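1. turn this into a structure:
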Amino acid sequence: MGTGRKTKKQLVDEMAELRRKVVSLEKIIREHQESEITELQRRIGQYVTGCKQVMDAYYVIFDGKCKFVNQTFDLPPLKPVQFLC
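-> As a prediction, the model looks like this:
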């Protein structure tokens, strides 16, 4: 992308190239996020068994959403205010 006057065709070609780059970068970002989520799920899976046997309440919040709670949350029922982060 040099400086100076460009023809309409040159500008259209540059826009097309930039769109291809954006699509490529979005794909890379999406793949990275998916791999991070997969790794997080794997790590959480390692601790789920241990969390089921303790009396403490454990929960995992990821991306602003509650993704895991152990069975302790069933004993006794917690009020919503007790579950605030």
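
2. residue ranges for the helices of this structure, please.
-> In the chain, the helices defined using DSSP state H lie at 8-52.

3. what stretches of the protein score poorly on pLDDT?
-> 1-3, 48-55, 57-58, 70-85 (pLDDT under 70).

4. residue 61 contacts residue 44, correct?
-> No - contact criterion C-beta atoms under 8 Å: residue 61 and residue 44 do not qualify, at 11.6 Å. In short, each C-beta sits where N, CA and C put it, glycine included.

5. which neighbours do these two have in common?
-> Residues touching both residue 61 and residue 44 (C-beta atoms under 8 Å, 6 or more residues apart in numbering) are residue 67.

6. the more surrounded of these two?
-> Neighbours per residue (other C-beta atoms under 10 Å) separate residue 61 from residue 44, with residue 44 holding more: 14 against 10.

7. please tell me how far the more buried one sits from residue 37.
-> 10 Å (C-beta to C-beta, to the nearest Å).

8. go on, residue 62?
-> Residue 62 is 8 Å from residue 37, by C-beta to C-beta.

9. cool, and residue 59?
-> Distance from residue 59 to residue 37, by C-beta to C-beta: 17 Å.

10. same check on residue 43?
-> For residue 43 relative to residue 37 (C-beta to C-beta), the value is 11 Å.
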